[in-house]
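1. turn this into a structure:
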Amino acid sequence: MTHTSSHAVRAFKSALRSDRGQAQVEFALVVIFLFILVLSILEMLFFMQTYNVLAESAKEGVRYAIIHGANNSYAAGPTCPCAKIDGLAGPSLAAAEDPTNSYGIVKTFAQYSLHDTTTMTVTVSYPGGDATPANKTPNLVQVVVTYPYHPFFGLGWPTVTVNAAAEGRIMN
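-> Got it, this is the predicted structure:
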């Protein structure tokens, strides 16, 4: 082995042991991890906001049903299509509250959160009602809202069905 080749071997081994570039590699790995962590936290916040909107929308539907009950000429119940509760979204909440319109309270309330109300399913039921018709005092009314949540950032995350329900006793 000549002197030049042993010098080259030592230089090569020295280069293998060098720490140069290590900081850049560690930084790249940490940045990728932090980026995914921040996106996951944001996605969870969007998911929680979706659930809160659905829960509040269901409460609005129950509020409408318990206040109007059987005394409403557009009453919500099993003998009617419940359009005032589960109908299409209206141009405003005031228009949905107007008994002459057939806009749904739940979807109109939810549309203000920029959710796609066309994929939302609203189910109105009167569990365990003894009084006839079912939308009569003192029966319960239950509104269940179902919505397919599509992740905002995608990233291969699955679509999740979000359910929210509210229940109340009819007062009128």
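2. do a quick rundown of the strands in the chain.
-> 121-125, 140-149, 160-169 (DSSP state E).
3. which strands or helices does the first one pack on?
-> I take that to be strand 121-125. If you count contacts as 3 or more C-beta pairs under 8 Å, 6 or more residues apart in numbering; DSSP states H and E, strand 121-125 packs onto helix 22-68, helix 83-86, strand 140-149. In short, each C-beta sits where N, CA and C put it, glycine included.
4. low-confidence stretches in the chain?
-> Scanning the chain for pLDDT under 70 picks out the ranges 1-4, 14-19, 70-83, 99-100, 129-132.
5. ok, 90 please
-> For the chain, the stretches with pLDDT under 90 are 1-25, 40, 61-117, 123-141, 151-158, 169-172.
6. need the contact list for the residue nearest to the spatial centre of the chain.
-> With distances taken as C-alpha atoms, centre = their mean, Thr50 lies nearest the centre of the chain, 2.6 Å away. Thr50 makes contact with Ser113, His115, Tyr147, Tyr149, Val162 under the criterion C-beta atoms under 8 Å, 6 or more residues apart in numbering.
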